[in-house]
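[1] Turn this into a structure:
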Amino acid sequence: VTSYSHIWRLLAATAVKDKEGLTQDNVSTSQKNDEDVRALVQARKHESKVIEFIRSIGELAVCGERQKELTCVKDGIKESEGVVFEYFCDKNMLSLLVDIVKARPPAFNSTGEHQGTPESSTSSSITFNGVVWTALVKAQVIQTISILISNVKDPTSLYYLLSNNYINELISSIVPLQQWTAPALDEILPVYISFLKTLALQLVNSPHLFQFFCDNNGTSSSMPTFPLFHAAIEVASSPLNVAQSDTFVHTTALN
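    Sure thing, here's the model as predicted:
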């Protein structure tokens, strides 16, 4: 994995510099040698596997949640069929998925060496493989969480997904949009705005959920913030071309 470090940095969704101060946009294909090209191909294969794995986690969690009310009898003992969703909750998988979106490549210090702490809006105790820096992986995580929230049937399951401030952390990690490269925004922004729409519809249909969308963390003010509203305004008012030219993104943010 370490040998792919510079490749993952080139594929990173955020605009980061390498040791020579070059960003992803400054490195042309002609500058990559044969070894880099082979490493790039392998990196994309790893990325595809991770994306499929994340998608599978979401599908299994949704199916498991829908079977929570079902029971089977094994050795005379009733057991719930929803053990998959229970495992998802017990292992705090939602936090792991949100941390994937928040993961950033480590910055280089003045001597050109990696600094110890990855760039992130909040510190994380988890050290990630560089594959989680890519836009496609982050977009898949956002889509998976959106599907989870819109498909759970049991109110208790929904309360779990919205609790512990994980969703607010995810919302806030995408803005400001200027932190992302243009190609990354093409992948991330459509699923992100769909995610915001899913949350907004949940809030419209169930106003009592408002408490979960108030963030009392990370602010010096005594007043809670409303990340969902802030993110929608950020996207709708962004001067970036990708936010204004995509009709779906712009219209949905305004609504």
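[2] Against Gly82, how distant is the residue nearest the centre of the chain?
    Central residue of the chain (C-alpha atoms, centre = their mean): Val101, 3.2 Å from the mean position. Between Val101 and Gly82 the distance is 26 Å, computed by C-beta to C-beta, to the nearest Å. C-betas here are computed from N, CA, C, even on glycine.
[3] do the same with Lys91
    In terms of C-beta to C-beta, Lys91 sits 15 Å off from Gly82.
[4] which phi and psi does Thr181 have?
    In terms of degrees, to the nearest 10, the main-chain angles of Thr181 are phi -70, psi 160.
[5] which non-adjacent residue is nearest it?
    Ala15 (5.3 Å; C-beta to C-beta, 6 or more residues apart in numbering).
[6] confidence score at the residue nearest to the centre of the chain?
    Reported pLDDT at Val101 in the predicted model: 96.
[7] quick one: the helices in this protein?
    Assigned by DSSP state H, the chain shows helices spanning 5-11, 34-66, 83-90, 93-102, 135-151, 155-162, 166-174, 182-205, 227-236, 241-245, 247-254.
[8] Nearest approach to Asp215 belongs to which of these?
    Judged by C-beta to C-beta, the one of the helices of the chain that comes nearest to Asp215 is helix 166-174, at 4.4 Å.
[9] and that closest one with helix 155-162, angle?
    Counting by axes from the mean of the first three to the mean of the last three C-alpha atoms, to 10 degrees, helix 166-174 lies at 30 degrees to helix 155-162.
[10] Output helix 166-174 as PDB, restricted to C-alpha atoms.
    Taking C-alpha atoms only, helix 166-174 is exported to PDB below (Å, rounded to 0.1, in the frame of the first residue of the first chain):
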ATOM      1  CA  TYR A 166     -22.400  11.600  12.600                       C
ATOM      2  CA  ILE A 167     -24.700  12.900   9.900                       C
ATOM      3  CA  ASN A 168     -24.000  16.500  10.800                       C
ATOM      4  CA  GLU A 169     -20.300  15.800  10.600                       C
ATOM      5  CA  LEU A 170     -20.800  14.300   7.200                       C
ATOM      6  CA  ILE A 171     -22.800  17.300   6.000                       C
ATOM      7  CA  SER A 172     -20.200  19.700   7.300                       C
ATOM      8  CA  SER A 173     -17.200  17.800   5.900                       C
ATOM      9  CA  ILE A 174     -18.100  18.500   2.200                       C
END
